[in-house]
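Novice: Please work out how this folds:
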Amino acid sequence: MKKIIIYLMIVYGVYALESFTGVLDNDMFLTDKWYTNGLEFKYDKYNLDKESENIKYNEKESYVLGQRIYTPKTYYLDTSNISLYDRPFAGYLYFEKTKEKYFENGEYTKKGWAAEIIGDFSLGEATQIGYHRLLDFRKPLGWDSQIENIYGVAYLWENSPFYKKWNVSENTDLDLRFVDELHLGNVMLYGKISGFLRYGNINNPYEFKEKKNGKKLLNMDEYYLTIGSIITAKVHDSTLQGDIFNNESVFTTDIYPLVWDNKAGFYARWDDFAFYYDLIMESTDKRNLDWTDNSFRYHTLKFIFFKE
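Specialist: Got it, this is the predicted structure:
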């Protein structure tokens with residue numbers, strides 16, 4: 001009976017919400033280096049046509065469960081000599097709850113909180129070893145030296161203070177957006193500024209529902225190319241430095257305070273399904289690397305299923 005109740009709760013949770021998103025990050029799918037893999041599942045529900053102090057907006061409430069895995073480039077070497085590693089092994093598990101407000105002028109704000117775990121309970125080791133065993137890859141040997149258990153909470157804030165859209169032709173648009181972001185916690189502590197350009201058939205900038213003739217619609221086809229840059233100012237990163245208060249990890253590294261990401265990708269949506277791909281080039285966040293090996297790339301795949 002208990003299993004039946006849990007099953008019904010899961011089914012109701014999925015189908016009562018307005019959209020479901022699955023995200024996969026991987027460095028190259030055939031290798032492991034630094035930020036090697038990420039999984040994220042997000043459920044969204046929407047409240048349309050809200051108004052506060054004569055300002056109209058749409059609202060999206062999101063619940064996110066994610067995992068990120070970090071390994072050194074030499075993840076397959078014997079752990080007896082950890083000096084051969086260029087960064088620590090680390091798993092990062094998190095749950096986020098956020099609320100976003102989207103305004104008529106294209107700007108938006110997002111606020112929320114996160115619960116975060118580093119260490120054994122992040123399941124990073126089990127995920128990577130299981131994946132390698134499934135595909136007959138080399139077994140990672142350094143998880144005994146992973147960052148020790150850390151538990152924390154964080155305040156999340158994101159704001160888009162500028163948005164501009166230009167119509168190029170009947171079915172082609174160009175838009176520009178700037179975004180500020182803060183992640184204030186004991187596991188991760190950083191701020192970001194970013195800018196993005198998109199070009200194509202841009203109908204729905206935020207993946208939220210719109211209305212036409214009084215009816216809610218989700219089947220709005222769109223497709224576009226996108227490029228962007230992100231500058232991150234890091235104060236603390238537990239996947240590299242260990243616990244901010246009482247670090248007992250056997251191996252840690254210092255961080256670069258500034259990290260620069262460049263990204264390019266495309267987005268396509270047909271009716272109630274959307275697909276997103278990004279290639280991200282990121283500068284190193286580890287001080288112990290040589291300047292000739294100071295950047296890496298990873299891929300992001302995102303799948304979105306909309307439901308009225």
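Novice: Quick check: closest non-adjacent residue to Phe89.
Specialist: Residue nearest to Phe89 in three dimensions, not counting chain neighbours: Gln146, with 4.0 Å by C-beta to C-beta, 6 or more residues apart in numbering. For glycine as for every other residue, the C-beta is placed from the backbone atoms N, C-alpha and C.
Novice: Pairing partners for the host helix or strand of Leu39, with directions?
Specialist: Using DSSP states H and E, Leu39 maps to strand 34-52. Sheet pairing of strand 34-52 (DSSP bridges) gives strand 19-26 (antiparallel), strand 55-71 (antiparallel).
Novice: list the buried ones in the shortest one?
Specialist: In other words, strand 19-26. Neighbour counts over strand 19-26 (16 or more other C-beta atoms under 10 Å) mark Ser19, Phe20, Thr21, Val23, Asp25, Asn26 as buried.
Novice: follow-up on the earlier one: how much distance is there from the strand holding Leu39 to the middle of the chain?
Specialist: The chain centre lies 9 Å from the centre of strand 34-52; the measure is C-alpha atoms, centre = their mean, to the nearest Å.
Novice: where in the stretch 1-150 of the chain is pLDDT low?
Specialist: Applying pLDDT under 70 to the stretch 1-150 of the chain flags the ranges 1-17, 28-33, 74-85, 132, 135-136.
Novice: how about a cut-off of 50?
Specialist: Residue ranges of the stretch 1-150 of the chain with pLDDT under 50: 1-17.
Novice: ok, Tyr94 - how many residues close by?
Specialist: By the criterion of other C-beta atoms under 10 Å, Tyr94 has 21 neighbours.
Novice: Mind checking what secondary structure it has?
Specialist: strand (DSSP: H, G, I helix; E, B strand; the rest coil).
Novice: quick one: contacts for it?
Specialist: By C-beta atoms under 8 Å, 6 or more residues apart in numbering, the contact set of Tyr94 is Val64, Leu65, Gly66, Gln67, Ala114, Ala115, Glu116, Ile117.
Novice: if you set the cut-off to 6 Å instead, what comes out?
Specialist: Gly66, Ala114, Glu116 (C-beta atoms under 6 Å, 6 or more residues apart in numbering).
Novice: for those residues, which one is nearest Pro257?
Specialist: The closest of the contacts of Tyr94 to Pro257 turns out to be Glu116 (C-beta to C-beta; 20.7 Å).
Novice: count of neighbours near the closest one?
Specialist: For Glu116, using other C-beta under 10 Å, the count is 22.
Novice: With Leu184 as the reference, measure out to it.
Specialist: According to C-beta to C-beta, to the nearest Å, Glu116 stands 12 Å off from Leu184.
Novice: Tell me which stretches of the chain form helices.
Specialist: 2-15, 124-135, 238-241 (DSSP state H).
Novice: can you list contacts of the shortest one?
Specialist: Helix 238-241 has contacts (C-beta under 6 Å, 6+ apart) with Tyr70, Ala90, Tyr92, Ile118, Ile150, Val187, Thr252, Thr253, Ile255.
Novice: Please convert the residues you listed to JSON lines, extending it with distance to Glu125.
Specialist: JSON lines is the format used below for the contacts of helix 238-241 (distance: C-beta to C-beta, whole Å):
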{"residue": "Tyr70", "distance to Glu125": "11"}
{"residue": "Ala90", "distance to Glu125": "10"}
{"residue": "Tyr92", "distance to Glu125": "12"}
{"residue": "Ile118", "distance to Glu125": "12"}
{"residue": "Ile150", "distance to Glu125": "15"}
{"residue": "Val187", "distance to Glu125": "18"}
{"residue": "Thr252", "distance to Glu125": "17"}
{"residue": "Thr253", "distance to Glu125": "19"}
{"residue": "Ile255", "distance to Glu125": "23"}
